[in-house]
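Chemist: heads up, no residue letters with this:
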């Protein structure tokens, strides 16, 4: 493959960068001006924006609309000739002119093209084999949103921007299934998520409820848009107690009304501006999201979350009770270590002596409040039902999110075993992230404790 080749609708760029060539929205045709945005599309964009703004204003909800710039505009220098010389911003050329003085920000719109281009001079903002922004791009856009929505964090001291192996949508289109190193946020995993994502046959209708008992405040947020805004759901979940993400081409006023958010963020990726339909042509997802069909079987956990969270306006006690139940269901205390919260990939068995069962790909226990000052080493004794791997991550604050994560791994064998990790206690430890298994199975946590360096002296 050479730069400039187009294979399976993927444009091969310079420096191993891949770009979506045309797709359903004829990306490069519109970016180059070969195709022109219709007046109807512009009118629909304005009408949709005004209806959403009015909806939010009448309910005293903070509102923002985010347009995610096309990858070729940010990585213009990686586009092969003649593409790099002919493309122009679809939004700035066709839509910003609709606003007096091109002042779209006064209409609660942000288009962070300049911010991404600036960040790109320091580090890549997109996955090379994907259409989406990577961890650096996600943080950049989140910080831009934070300039318009109060209460958003500027950085996340327990997160790290690091390379992880990752598949990309463009790579898969080329038939390349091998993951490559890409900038990601290693996932902490304490947010409780309830979704219908796996049960869907496509992307439309994707609904996610993210509930984080440990968030910085108790505000509620709706994210409406496509997969680009979903890529930063994990950041929003640090700053909001509950987040509702809805993917669909049409605004879902009834669901949002019932959820009763404090903040509403709608969004779209720039290439979708090639053809904007009216929200008035949409239909409600309220019933279809929980109604089973031959091709769609939502889980009971998702349906319960859906019912409880959309009771917020009419029956807030039901929402509060569900959230309290979830916090209790996923919380426990490890004697002489601290308070812990586990995610939805792990369940506590009844009675408690039976231990835990891992039911998902990433069962995580987050020890977020240490009751004993860390000292010496960590001793873990557990009884596992399967052969797997155990991972322990020591959480230390890092302002710039660049230092390496301190990760300890150990093989797990079926049966009872004791695992010893020597921990550096010279720097502050703010928490522990414990992944007991990497496969579905059961285990009993028989002991988890600090042990001093003096042999035989334990705590």
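Modeler: Received, thanks. Bear in mind the structure is a predicted one, so any value in this text is a computation, not a measurement. Numbers count the residues shown, from 1 in each chain.
Chemist: distance check, residue 328 against residue 372.
Modeler: Residue 328 sits 23 Å away from residue 372, taking CB to CB, to the nearest Å as the criterion. No exception for glycine: its C-beta is placed from N, CA and C like everyone else's.
Chemist: do residue 222 as well
Modeler: Separation of residue 222 from residue 372 (CB to CB): 40 Å.
Chemist: so which of the two has more stuff around it?
Modeler: Applying other CB atoms under 10 Å to residue 222 and residue 372 shows that residue 222 carries more neighbours, namely 24 against 13.
Chemist: hmm, that one is touching residue 265, no?
Modeler: Yes. Counting by CB atoms under 8 Å, residue 222 does reach residue 265; the two are 7.1 Å apart.
Chemist: over to the closest residue to residue 385 other than its chain neighbours: give its phi and psi.
Modeler: Excluding its sequence neighbours, the residue lying closest to residue 385 (CB to CB, 6 or more residues apart in numbering) is residue 442, at 4.3 Å. Dihedral pair for residue 442: phi -110, psi 150, per degrees, to the nearest 10.
Chemist: surely residue 442 meets residue 346?
Modeler: No. Counting by CB under 8 Å, residue 346 is not a contact partner of residue 442; they are 10.5 Å apart.
Chemist: mind listing the shared neighbours of those two?
Modeler: 356-358 (CB atoms under 8 Å, 6 or more residues apart in numbering).
Chemist: those in strands, which ones?
Modeler: Secondary structure from DSSP state E places 356-358 of the shared contacts of residue 442 and residue 346 in strands.
Chemist: which is the succeeding secondary structure element to the helix or strand where residue 136 lies?
Modeler: Using DSSP states H and E, residue 136 falls within helix 135-145. Remark: after helix 135-145, the chain's next helix or strand is strand 162-166, criterion DSSP H and E.
Chemist: top helix in this protein by residue count?
Modeler: helix 39-58 (DSSP state H).
Chemist: and the helix or strand that it is followed by, what's buried?
Modeler: Downstream of helix 39-58, the first helix or strand assigned by DSSP H and E is strand 62-68. Buried residues in strand 62-68, counted by 16 or more other CB atoms under 10 Å: 62-68.
Chemist: average pLDDT for whichever helix or strand comes after strand 62-68?
Modeler: Note on strand 62-68: by DSSP H and E, the next helix or strand toward the C-terminus is helix 71-74. For helix 71-74, mean pLDDT is 98.
Chemist: packing partners for helix 71-74?
Modeler: Helices and strands touching helix 71-74, by 3 or more CB pairs under 8 Å, 6 or more residues apart in numbering; DSSP states H and E, are strand 18-20, helix 27-31, helix 113-120.
Chemist: give me that answer again for 6 Å
Modeler: Where contact means 3 or more CB pairs under 6 Å, 6 or more residues apart in numbering; DSSP states H and E, helix 71-74 is packed against helix 113-120.
Chemist: and the helix it packs on, which residues are buried?
Modeler: Under the neighbour-count criterion of 16+ other CB under 10 Å, helix 113-120 has 113, 115-116, 119-120 buried.
Chemist: export these to a markdown table and tack on distance to residue 194?
Modeler: Output for the buried residues of helix 113-120, formatted as a markdown table (distance: CB to CB, whole Å):
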| residue | distance to residue 194 |
| --- | --- |
| 113 | 34 |
| 115 | 32 |
| 116 | 31 |
| 119 | 33 |
| 120 | 35 |
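Chemist: how is the chain divided into domains?
Modeler: Domain assignment for the chain, taken from automatic domain parsing, gives 6-309, 335-451.
Chemist: end to end, how far does the last one reach?
Modeler: Between the opening and closing residues of domain 335-451 lies a distance of 13 Å (CA to CA, to the nearest Å).
Chemist: repeat that for stretch 13-22.
Modeler: OK, stretch 13-22 end separation, CA to CA: 14 Å.
Chemist: check the offset of it from the chain's centre.
Modeler: Put simply, stretch 13-22 sits 24 Å off its chain's centre (CA atoms, centre = their mean, to the nearest Å).
Chemist: then stretch 307-323?
Modeler: For stretch 307-323, the distance to the chain centre is 24 Å (CA atoms, centre = their mean).
Chemist: show me what counts as buried in it.
Modeler: By neighbour count with 16+ other CB under 10 Å, stretch 307-323 contains the buried residues 308-312, 319, 322-323.
Chemist: how about stretch 355-370?
Modeler: 355-358, 363-368, 370.
Chemist: same check, this time on stretch 424-434
Modeler: For stretch 424-434, a neighbour-count test (16+ other CB under 10 Å) marks 429-434 as buried.
Chemist: hmm, who's touching the helix holding residue 136?
Modeler: With contact meaning CB atoms under 6 Å, 6 or more residues apart in numbering, helix 135-145 is reached by 110, 112, 115-116, 119, 123, 125-126, 161, 183-185, 231-232, 235.
Chemist: give the rounded mean pLDDT of it.
Modeler: Here helix 135-145 scores 96 as its mean pLDDT.
Chemist: that helix vs strand 162-166, what angle?
Modeler: Computed by axes from the mean of the first three to the mean of the last three CA atoms, to 10 degrees, the angle separating helix 135-145 from strand 162-166 equals 120 degrees.
Chemist: give me the secondary structure label for residue 181.
Modeler: Under DSSP: H, G, I helix; E, B strand; the rest coil, residue 181 falls in the strand class.
Chemist: in terms of pLDDT, where does it sit?
Modeler: Listed pLDDT for residue 181 reads 91.
Chemist: wait, it touches residue 163, no?
Modeler: Yes. At 4.3 Å, residue 181 counts as touching residue 163 under the criterion of CB atoms under 6 Å.
Chemist: for residue 433, give the beta-bridge partners.
Modeler: Taking DSSP bridges, one obtains residue 366, residue 393 as the residues bridged to residue 433.
Chemist: got the shared contacts of residue 442 and residue 346 as CSV, with pLDDT and distance to residue 209 columns?
Modeler: Below are the shared contacts of residue 442 and residue 346 laid out as CSV (pLDDT from 0 to 100; distance: CB to CB, whole Å):
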residue, pLDDT, distance to residue 209
356, 96, 23
357, 97, 22
358, 96, 22
